[in-house]
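Colleague: Quick one: sequence plus predicted model below, questions after.
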Amino acid sequence: MKTPTNPTAAAPANSPNPDPWEAAYLSFETPEQEVEKFMTRLRKLGAHQWSKDAQIVELFCGRGSGLHALHRLGFTRIEGVDLSPKLLAEYRGPGNIECCDCRQLPFPDASRDIAIVQGGLHHLPTLPQDLELTLAQVHRVLRPGGRFVVVEPWLTPFLRFVHVVARNPVARRLSKKLDALQIMIEHEIRTYEQWLGQSELIWGLLDAQFQTEVCQKSRGKLMYVGRRA
């Protein structure tokens, strides 16, 4: 999961009363590790084949680790949107950023080549309504043939195993990363379980809007690229 907006987040990790989800997220991996992770994912999804001049928007961009990854991969026309002004204020990079709701994107029709979401859709408050709105907005702003890139949790056997281990107190004491993961799950449990429990519905909505180019479901992740017809 990237630096998404957690709907329950209220205070930064260094405040006197830090939000537990935010603190766990910041301890899960370093910003540099996150950027490297995103670069690896994007390469696997075919980013090396995309035009470096493509106009790319990242939804739920948070602090901008995904934008840093795109910049390092050589993309020059990048921008990010997120609902949290606090997270956006932490971004320091060459991309343009805008505070907005991804269910109502402020871009003209057919104005972007690629839209990317890495770990934001499973925070949507209500399914299927909020996902339908978001996908419709992505479809609207993409040019014909434009790509929609999605990386989200997916309930594979591997993820089921991770859930079991992360709930084990001994494992959590031995692994800071597992402990952080379990804290995040516990504090986003409603939307997280809502997302994982509706895979057929989610896939149906994606399939209705986009033509599948890449689809990988492994190690607890959906890695997807669809094209706008």
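Modeller: Looks like it came in fine.
Colleague: List the residue ranges of the chain that fall below the pLDDT cut-off.
Modeller: 1-18 (pLDDT under 70).
Colleague: what's the next secondary structure element after the longest strand anywhere in it?
Modeller: Criterion DSSP state E: the longest strand present in the chain is strand 142-153. Next in sequence after strand 142-153, counting helices and strands by DSSP states H and E, comes helix 157-166.
Colleague: Same question for the next helix or strand after that following helix: list its buried residues.
Modeller: As assigned by DSSP H and E, the chain's next helix or strand after helix 157-166 is helix 169-174. Within helix 169-174, the residues that count as buried by 16 or more other C-beta atoms under 10 Å are residue 172. C-betas here are computed from N, CA, C, even on glycine.
Colleague: Which other helices and strands does the longest strand of the chain contact?
Modeller: strand 112-118, helix 129-141, helix 189-196, strand 221-227 (3 or more C-beta pairs under 8 Å, 6 or more residues apart in numbering; DSSP states H and E).
Colleague: Keeping just the C-alphas, turn the third one into CSV.
Modeller: Coordinates of the C-alpha atoms in helix 189-196 are reproduced here as CSV (Å, rounded to 0.1, in the frame of the first residue of the first chain):
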residue,chain,number,x,y,z
ILE,A,189,-10.9,-2.9,8.9
ARG,A,190,-14.3,-1.8,7.5
THR,A,191,-13.2,-0.6,4.1
TYR,A,192,-10.4,-3.3,3.9
GLU,A,193,-12.8,-6.2,4.4
GLN,A,194,-15.4,-4.6,2.3
TRP,A,195,-12.9,-4.5,-0.6
LEU,A,196,-11.5,-8.0,-0.1
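Colleague: neighbours of residue 95, just the number please.
Modeller: 21 (other C-beta atoms under 10 Å).
Colleague: That one against residue 64, yeah?
Modeller: Yes: judged on C-beta atoms under 8 Å, residue 95 makes contact with residue 64 at a distance of 6.8 Å.
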